[in-house]
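Student: Structure for the following, please:
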Amino acid sequence: MARIAGTVHITVDGASLDISGAVSVPLGDSSKTAVVSKNGNVHYSEEPIAPFVEGSFLVTKDFPISAIMHGTDMTVLVTFANGLQYSLSEAFVEGEANFESDGATVSIKFTGTEGKWL
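Tutor: As a prediction, the model looks like this:
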C-alpha cells in the first residue's frame, strides 16, 4: 500500500522550513460561484484566484525571518508524502505573520504570480 499523506517538505528559496501542521495549496486557478436565475436555471461565474502556499511553520533558531518577511520574489517548493510537488513563483508573504510562543510556530500564507503542479 502506498503512502499518500503525512510528511511534507517545503523549501523557500532553497532553505528548508519545518512544518508544524498541514500545508494547503490550491488545486486549480479559479473559483466558481453558482448563479441561479429566478426561474431556476443554474449558471456560474468564475474568477481567478491567486496561487498560494499556506501552513504553520516551526520557528527554529535558524528560521530565515528577515528573508521571508522581506522577500518579494521567492520560490516556494512543496513536496507532499504522495510524491506530488507544487511550485510557487514570485512569492511574498500575504498579510501578517505572527509568532506564537506556546508552540514556537508562525502561520504564513505565501502568495505568488504562478503556481503549478510538477
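Student: Mind telling me what element the residue most central in space within the chain is part of?
Tutor: For the chain, the residue nearest the mean C-alpha position is Val53 (0.8 Å; CA atoms, centre = their mean). Element membership for Val53 (DSSP states H and E) is strand 52-58.
Student: could you give the mean pLDDT of that strand?
Tutor: In this model, strand 52-58 has a mean pLDDT of 96.
Student: who's in contact with the next helix or strand after it?
Tutor: Remark: after strand 52-58, the chain's next helix or strand is helix 65-70, criterion DSSP H and E. The contact list for helix 65-70 (CB atoms under 8 Å, 6 or more residues apart in numbering) reads Val12, Asp13, Ala15, Val59, Met74, Val93, Ala97, Ile108. C-beta coordinates here come from the backbone N, C-alpha and C atoms, glycine included.
Student: Tell me how far helix 65-70 lies from the chain's centre.
Tutor: Helix 65-70 sits 16 Å away from the centroid of its parent chain (CA atoms, centre = their mean, to the nearest Å).
Student: Quick one: name whatever helix or strand follows it.
Tutor: The helix or strand immediately downstream of helix 65-70 is strand 74-79, counting by DSSP H and E.
Student: per-residue confidence averaged over that following strand?
Tutor: Regarding strand 74-79, the rounded mean pLDDT is 96.
Student: Report the rounded mean pLDDT for the following helix or strand past that strand.
Tutor: Later in the chain than strand 74-79, the nearest helix or strand by DSSP H and E is strand 85-93. Mean per-residue pLDDT for strand 85-93: 97.
Student: which other residues reach the next helix or strand after strand 85-93?
Tutor: Under the assignment DSSP H and E, the closest C-terminal helix or strand after strand 85-93 is strand 99-100. For strand 99-100, contacts defined as CB under 8 Å, 6+ apart pick out Val59, Thr105, Val106, Ser107.
Student: mind redoing it with 10 Å?
Tutor: Ser20, Ser56, Val59, Phe63, Ile65, Thr105, Val106, Ser107 (CB atoms under 10 Å, 6 or more residues apart in numbering).
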